[in-house]
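In: task: produce atomic coordinates for the following.
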Amino acid sequence: MISPQWLAGFFDGEGNIGITVAGKHRRCILRLSLVNTAYDLLASIQSEYGGQLNRRSRSEKPHWKPFCSLTWTNRQAAILIDRIGLFLILKSKQLDLARVFLSLRDSPNRFEIGSLPHLKVRERNFVRRLDPGMLQIENDIKSKMHELNKKGRAA
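Out: Numbering: from 1, shown residues only. Sure thing, here's the model as predicted:
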């Protein structure tokens, strides 16, 4: 069994918290990821904490070991944050931004879409993306997250 405290320590050293833009509708997505060469370790983490596990290799660097990535996005990321967030130390600023981002995404009245309850969640999310103010806020959070992650690499 992998404790949340241990995973938080491992994540502080090996993990990444980021916001990326993806998909046909160019949505902002919260992404937490771990990248390592120890497939068995990441598979154990996945069995307890979920996420998407992928094996990868670099064709341009054939002498490098193959590596794996374990990724959590949006809802899965929110669940992981709830489980290990209290124990993160080095990534606490990124965690704070991730929480702000999640609270904006989950706020039922972040947009004036009260007249659209009949729409499916995916359709409501598309309508929400039409709000330029929200797009700017999400992009600001994404930029701040990028700056924090850049500082972490330089330190």
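In: any low-confidence regions in the protein?
Out: Scanning the chain for pLDDT under 70 picks out the ranges 24-26, 57-58, 106-135, 152-155.
In: neighbours around Leu32, how many?
Out: Leu32 is flanked by 25 other residues according to other Cβ atoms under 10 Å. For every residue, glycine as well, the C-beta is placed using N, CA and C.
In: now Ile141: closest residue in space that isn't a chain neighbour?
Out: Among residues not flanking Ile141 along the chain, Phe101 sits closest, at 5.0 Å (Cβ to Cβ, 6 or more residues apart in numbering).
In: the one you found reaches Ile137, doesn't it?
Out: No: in this structure, Phe101 is not within contact of Ile137 by Cβ atoms under 8 Å, at 9.1 Å.
In: wouldn't Pro66 be in contact with Thr37 here?
Out: Yes: Pro66 is within contact range of Thr37, at 7.1 Å (criterion: Cβ under 8 Å).
In: hey, where'd the strands end up in the protein?
Out: 15-22, 27-36, 52-56, 67-73 (DSSP state E).
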